[in-house]
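Participant: Here is a sequence together with a model predicted from it:
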Amino acid sequence: MKPDISVIIPNYNCKAYLGKALASVIKQTDVILEIIVVDDGSTDGSVEWLEKASQTYSNLILVKQIRCGVVAARNKAISIAQADYIAFLDADDYWNEDKLATQLAYMKSNQKCTLSFTNYMHVDEQYNKIIDCFSYWPEFYNKELKDTTKYQYLSNSQDMLLYANVIGTSTVMVKRDAIQSVMCFDNELKSASDWDCWLKLASVGEVAYTYQCAMDYLMRSNSITSNRIKRIDAMRLILKRFVSSNNVGWITQIKAGARLNECYGEYYREMGQKVPALIWALKAFFLYPHRRNLRHLLHDIKSLTA
């Protein structure tokens, strides 16, 4: 029987988290799934664990590859996916049990929707709640929608995603033919290929979202600043490339530029480099003065003068 959804899980040395992630997939209700796990050359016993799991779950497909990166892993899984809809889950995240059925029902009844996503909760390594994603984005957050669970179209999705990328990869469901039509994830990018892909999908169809937190995102202490600067540099390249080939208003360009400055500020703040953090915070605030940028700016001034 053809599956309703192909679940794609890239894995690299996440054996400690795979059990929780896979359990959250198995618990999904009212959907027929195939689960494609692409192991990207793990050395922590993940492959052996997954081989045993595949003996229990007949719908678990294990693909092994020499270390090629998460983009290659996702693209490989997309190339063999059988379902018309694809859902992504990182190996250290996990879903609510009704996440997929609700999302699939919406996308099937709204055929123009090429991508849908949910809100999600940041959790620490003890799985204590920190903050949901949408609450962090004043450009996106709508208090009146906070307690709603229904999906709705995202207005001006390209513009919104350019300066407020609220999409968590593990919340996303896409049409398989749509993501294949935009050539999946760009393997030439050193980072941020997910953001690039969402922008391309927004250009070929509608984007929908829900305020419901249907996924928990694990904030691992050893991954807070890793590869951050590489991602920001890639975001700058993607923005420049997208603006040059699409009709993007100057206000959106200003907001997107401010967001990039904010990202650089966050990076230097985490690295303890107070002066660069303050400089980038100033640039972000003067380009786009909203409360989050003001909060960062005041924090950096206080930190530098303390």
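Facilitator: Cool, got the structure.
Participant: tell me what the helix or strand hosting residue 235 is packed against?
Facilitator: If you go by DSSP states H and E, residue 235 is part of helix 228-245. Packing partners of helix 228-245 (3 or more CB pairs under 8 Å, 6 or more residues apart in numbering; DSSP states H and E): helix 193-202, helix 250-270. Any C-beta I mention is one placed from the backbone N, CA and C, and that applies to glycine too.
Participant: Around the closest residue to residue 12 other than its chain neighbours, how many other residues sit close by?
Facilitator: Counting by CB to CB, 6 or more residues apart in numbering, residue 40 is the residue found nearest to residue 12 once chain neighbours are left out, at 4.3 Å. A count of neighbours around residue 40, defined by other CB atoms under 10 Å, yields 23.
Participant: Over to residue 106?
Facilitator: Residue 106: 17 neighbours (other CB under 10 Å).
Participant: from memory it sits against residue 152, does it?
Facilitator: No: taking contacts as CB atoms under 8 Å, residue 106 lies outside contact range of residue 152: 9.2 Å.
Participant: quick one: common contacting residues for those two?
Facilitator: Common neighbours of residue 106 and residue 152, using CB atoms under 8 Å, 6 or more residues apart in numbering, are residue 208.
Participant: if I pick residue 182, what's in contact with it?
Facilitator: Applying CB under 8 Å, 6+ apart, the residues near residue 182 are 197, 200, 201, 203, 204.
Participant: how does it look with 10 Å?
Facilitator: By CB atoms under 10 Å, 6 or more residues apart in numbering, the contact set of residue 182 is 114, 174, 196, 197, 198, 199, 200, 201, 202, 203, 204, 205.
Participant: Next, format these as a markdown table and append neighbour count and pLDDT.
Facilitator: Output for those, formatted as a markdown table (neighbours: other CB atoms under 10 Å; pLDDT from 0 to 100):
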| residue | neighbour count | pLDDT |
| --- | --- | --- |
| 114 | 25 | 98 |
| 174 | 25 | 98 |
| 196 | 23 | 98 |
| 197 | 25 | 98 |
| 198 | 24 | 98 |
| 199 | 22 | 97 |
| 200 | 23 | 96 |
| 201 | 24 | 97 |
| 202 | 23 | 96 |
| 203 | 14 | 93 |
| 204 | 13 | 94 |
| 205 | 19 | 97 |
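Participant: Name the nearest of the residues you listed relative to residue 250.
Facilitator: Comparing those against residue 250 with CB to CB picks out residue 199 as the nearest, at 17.9 Å.
Participant: Any idea how many residues pack against residue 148?
Facilitator: Residue 148 has 12 nearby residues by other CB under 10 Å.
Participant: What confidence value was assigned to it?
Facilitator: According to the prediction, residue 148 has pLDDT 91.
Participant: Need the nearest residue in space to it, chain neighbours excluded.
Facilitator: residue 211 (5.3 Å).
Participant: close enough to count as contact, that neighbour and residue 171?
Facilitator: No: checked against CB atoms under 10 Å, the pair residue 211 and residue 171 is beyond contact range at 11.6 Å.
Participant: Identify the contacts common to the two.
Facilitator: By CB under 10 Å, 6+ apart, the residues touching both residue 211 and residue 171 are 118, 119.
Participant: Of these two, which one has the most company?
Facilitator: residue 171 (27 against 21).
Participant: Below-threshold pLDDT in the chain: ranges please.
Facilitator: Scanning the chain for pLDDT under 70 picks out 222-226.
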